[in-house]
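In: Following is a predicted model, sequence given first.
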Amino acid sequence: MSAATTTPGGVRAATAHPGPTVGRVVAAEWTKLVSLRSPWWTAAVTVAVAGVLTYLSAEASSGDPGFQPVDSLTTGLALAHLGPLVLGVLVGAGEFRTGASRTTFTLVPRRWPVLAAQVLVMAAFALGTAVLATAASVLGILPAAASRGIAVDLTSGDTPGLVLGMVLFLVALALLGLALGALLRRTVPALVTALLVVLILPVVLMTAGDPLAGGADPASAGLAEAVPSTTVAGTLAVLSPGGAAQLMTTSPSAGPMPGAPDLGPVGGGLVLAAWVLVVLVAAAARLRTRDVR
């Protein structure tokens, strides 16, 4: 942006306008997000689904002799994580879909502050949603635990890391969706891509890497169980966004996925963070070098 000024000789010259500050851009993006109904509905559905599915899973498992309520803690996220992922895509691609990006980038010609503001705003909103969804999951296991007289302790063993992983899991998926939406700029392709890499790709790779696939004989199956091996498909599965996300909500005591290296929850979180960063950098590069249409 520029403003006209008059020199002592009477010549009008253009001076560069610094444009909106980062704080104002963040405030504007926050207002855009919270003024819509869809984010609030998405958050409410995410919390409700997490709590209800966890409750149903815990109730169904409570009759088992070795029932441990904490084992059902993450079951609600199997479906609830779709909410933050889809919301991120809608936010990332929304202005490109409606054409409002032209106005936004006219007001903020440097462009990158807009993407940075969207990341901060989405992370804050997703964090609130994730905390509530995790709390709903905790509440979901309490009735089954009470019926068996089992006290739920969230401060011992792997449980604190599991709870933290649940929160970060939902926030990271929201940011991944945002990055894909900002990179692809079209809602449907971004949604399809997000669902493919998060839901479908890990399942396909783990199936391809199953040592029992292809009709292996019992002797070889027993050998595979006795000597776990790392397969290419299993490695690619845990290095995919969806596979890494699953590790974040898996107890370290459960061991690695079949055919996959033992990255653990921390390793899975780092892999997913790397994916988010790479896609965000690609989106920022496209934003700087390509037209906004």
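Out: The structure has been received and is ready for your questions.
In: what residue ranges in the stretch 1-150 of the chain score low on pLDDT?
Out: By pLDDT under 70, the low-scoring segments of the stretch 1-150 of the chain are 1-19, 99-109.
In: mind redoing it with 50?
Out: For the stretch 1-150 of the chain, the stretches flagged by pLDDT under 50 are 1-5, 7, 10-16.
In: The stretch 151-293 of the chain now?
Out: Residues of the stretch 151-293 of the chain that meet the cut-off, pLDDT under 50, sit at 211-227.
In: how about 80 then?
Out: For the stretch 151-293 of the chain, the stretches with pLDDT under 80 are 157, 206, 208-230, 251-260, 288-293.
In: could you pull out the helices for it?
Out: 159-184, 187-195, 201-208, 218-226, 232-239, 241-248, 264-289 (DSSP state H, counting those that start in this stretch).
In: most neighbours per residue, which of these?
Out: Across the helices of the stretch 151-293 of the chain, averaging neighbours per residue (mean count of other Cβ atoms under 10 Å) puts helix 241-248 on top, at a mean of 26. The C-beta positions use only the backbone N, C-alpha and C, and glycine is treated the same way.
In: From the chain's centroid, how far away is that one?
Out: Taking Cα atoms, centre = their mean, to the nearest Å, one finds the center of helix 241-248 at 10 Å from the center of the full chain.
In: same thing with stretch 173-191?
Out: Counting by Cα atoms, centre = their mean, stretch 173-191 is centred 11 Å from the centre of its parent chain.
In: can you tell me which of the helices of the stretch 151-293 of the chain comes nearest to Leu56?
Out: The closest of the helices of the stretch 151-293 of the chain to Leu56 is helix 159-184. By Cβ to Cβ, the value is 17.4 Å.
In: Next, the angle from the closest one to helix 187-195.
Out: 150 degrees (axes from the mean of the first three to the mean of the last three Cα atoms, to 10 degrees).
In: what's the angle from helix 159-184 to helix 264-289?
Out: Put simply, helix 159-184 runs at 20 degrees to helix 264-289, going by the same axes, to 10 degrees.
In: which residues in the stretch 1-150 of the chain form strands?
Out: Assigned by DSSP state E, counting those that start in this stretch, the stretch 1-150 of the chain shows strands spanning 2-6, 12-16.
In: And the residue nearest the centre of the protein?
Out: Leu173 (0.6 Å; Cα atoms, centre = their mean).
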